[in-house]
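Asker: Turn this into a model:
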Amino acid sequence: MNYKSKMYDYICETPEVLTRIINRRKEITEGFVDYYRNQEIEQIYVIGSGTSYHAALSAKAYLEDILNIKIFNMYPTQFERNEKVFNSRTLVVGVSQGGQSLSTVAGLDSAKGKGLHTAAVSENPTALIFEHAEVSTRIEVGNEKCGAKTKGYAGTTATLLMMLTELAIAKEIITEEKAGEYRLRMFKVIHNLPKVIKASTDWYSRIKEEFLPAKRIIVVGYDDRYADVLEGALKILETVRQGVVGYDIEEFFHGIYNSITDSAHILYLASKGDYKSRTLKLIEILSEWTPHNYLISSPEGIDTISNKDLICDFVEEPYFSGWEYIIPLQIISCLASQDLGINPDIPKDPQFHQKIGSKEIDDGRDQYVEV
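Answerer: Numbering: from 1, shown residues only. Next up, the predicted model:
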């Protein structure tokens, strides 16, 4: 099969990107760590939209574990307009891969107006958000000239992990040895990604004839994979451009199930945990209502495998397997859109942000790939 889009290339570059960020962590995070090593920080907000929000949500559990402080994930507009912050020892990290998000700018300005600490994170070396924070950090994934970001999702998460891990080391909250143990766990996942990419590509080839006519698509998951549920739903929506929504599985139980008919296509992220068996039970129930059920999981506990399922040897690392579980959803987004005659690299309207006023356009960088 000829994969014409840059999106597929970017997915395949994810292991290299993650390896580079982790190996160059000291250099990448030096400015941030030096600025905040002697500042007392008691809580952190990470603000961003879309993929940036989801990447930060993916990092949350690990960051709270190593820092032993509360991490809040919030959309910038909600932070700016609605959030009351009562602790001045708060760090607000604004994330925007392209760096030109005006809502993130407004969120950072709001934080500064409240007397809070600020930091900006972007891939763009001339990012607008860098001008609105005390310190800035680059997401070293390269200029991802594609409307639907993929390697940037993992790269953003990794950058946040490295920033705050290195700060924790500098503050003697954790030891370098302990941080090294976490990095080994990260690399175990990273080394498995090429296998997941291949398995996901083969899986798409099996399901595409059934999946392509889908008009209603649901992604379901739980625990630390909830960020992947949201990001996967966004990726499919951005590229396939049909009705897609993602739910925490318990939320799905509480009413959403009533809407399932034989036209629903449901993707289940069944990661290791006590909800895995409940996911299998859910598929059993819903199989009487719709034939379009797609299980994404490791083989443990799976007795019957359908040709529609992606059963793959995921590492199942609680903090870092988001880098694995997002891959099948990125692959289906990229390849299904091409089979539908849509170029996934190019947004439906490349001028949308300019028209609506949500980003300051950077003409030198906001150029999407023509194929």
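Asker: Break the protein into its domains for me.
Answerer: Residue ranges for the domains of the chain, per automatic domain parsing: 6-174, 193-339.
Asker: Go through stretch 331-347 and flag the buried ones.
Answerer: Residues 331-338, 342-347 are the ones in stretch 331-347 that count as buried (16 or more other CB atoms under 10 Å). Every C-beta, even on glycine, is put in place using the N, C-alpha and C of the backbone.
Asker: would you turn those into a markdown table with distance to residue 34?
Answerer: Listed next are the buried residues of stretch 331-347 as a markdown table, based on distance: CB to CB, whole Å:
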| residue | distance to residue 34 |
| --- | --- |
| 331 | 39 |
| 332 | 42 |
| 333 | 39 |
| 334 | 39 |
| 335 | 44 |
| 336 | 45 |
| 337 | 43 |
| 338 | 45 |
| 342 | 45 |
| 343 | 43 |
| 344 | 39 |
| 345 | 38 |
| 346 | 40 |
| 347 | 37 |
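Asker: hang on, the earlier thing: closest to residue 354 out of the domains of the chain?
Answerer: domain 6-174 (10.3 Å; CB to CB).
Asker: now do the same end-to-end measure for that closest one.
Answerer: 39 Å (CA to CA, to the nearest Å).
Asker: From the chain's centroid, how far away is it?
Answerer: Distance of domain 6-174 from the chain centroid (CA atoms, centre = their mean, to the nearest Å) equals 13 Å.
Asker: What average pLDDT does it get?
Answerer: For domain 6-174, the per-residue pLDDT values average out at 97.
Asker: before we move on, what about stretch 294-301?
Answerer: Across stretch 294-301, pLDDT averages out at 97.
Asker: Quick check: buried residues in it?
Answerer: Counting neighbours by 16+ other CB under 10 Å, stretch 294-301 gives 294-298 as buried.
Asker: which stretches of the stretch 201-350 of the chain form strands?
Answerer: In the stretch 201-350 of the chain, the segments counted as strands under DSSP state E, counting those that start in this stretch are 216-221, 243-248, 264-270, 293-297, 310-311.
Asker: picking up where we left off before, want to try a markdown table for the buried residues of stretch 294-301, with distance to residue 280 as columns?
Answerer: Formatted as a markdown table, the entries for the buried residues of stretch 294-301 read as follows, by distance: CB to CB, whole Å:
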| residue | distance to residue 280 |
| --- | --- |
| 294 | 13 |
| 295 | 8 |
| 296 | 12 |
| 297 | 9 |
| 298 | 12 |
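Asker: Show me the residue at the heart of this structure, geometrically.
Answerer: With the centre of the chain defined as its mean C-alpha position, the nearest residue by CA atoms, centre = their mean is residue 55, 3.7 Å away.
Asker: I'd assumed residue 227 was in contact with that residue.
Answerer: Yes: distance between residue 55 and residue 227: 7.5 Å, which falls inside the contact criterion (CB atoms under 8 Å).
Asker: circling back: possible to save the domains of the chain as TSV with distance to residue 352?
Answerer: Converted to TSV, the domains of the chain look like this (distance: least, CB to CB, whole Å):
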stretch	distance to residue 352
domain 6-174	10
domain 193-339	12
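Asker: for the ones you listed, which one sits closest to residue 183?
Answerer: Nearest of the domains of the chain (CB to CB): domain 6-174, 6.0 Å.
Asker: Pull out the CA atoms of stretch 348-363 and give them to me as CSV.
Answerer: Coordinates of the C-alpha atoms in stretch 348-363 are reproduced here as CSV (Å, rounded to 0.1, in the frame of the first residue of the first chain):
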residue,chain,number,x,y,z
LYS,A,348,-10.7,21.2,5.9
ASP,A,349,-10.1,25.0,5.8
PRO,A,350,-6.4,26.0,6.3
GLN,A,351,-7.6,29.6,6.9
PHE,A,352,-10.1,28.7,9.6
HIS,A,353,-8.1,30.0,12.5
GLN,A,354,-7.4,33.3,10.7
LYS,A,355,-11.1,33.7,9.9
ILE,A,356,-12.3,32.9,13.5
GLY,A,357,-9.4,34.7,15.2
SER,A,358,-8.2,31.7,17.4
LYS,A,359,-4.6,31.8,16.3
GLU,A,360,-2.1,34.4,15.2
ILE,A,361,-1.1,33.0,11.8
ASP,A,362,2.6,32.3,11.3
ASP,A,363,2.9,32.3,7.5
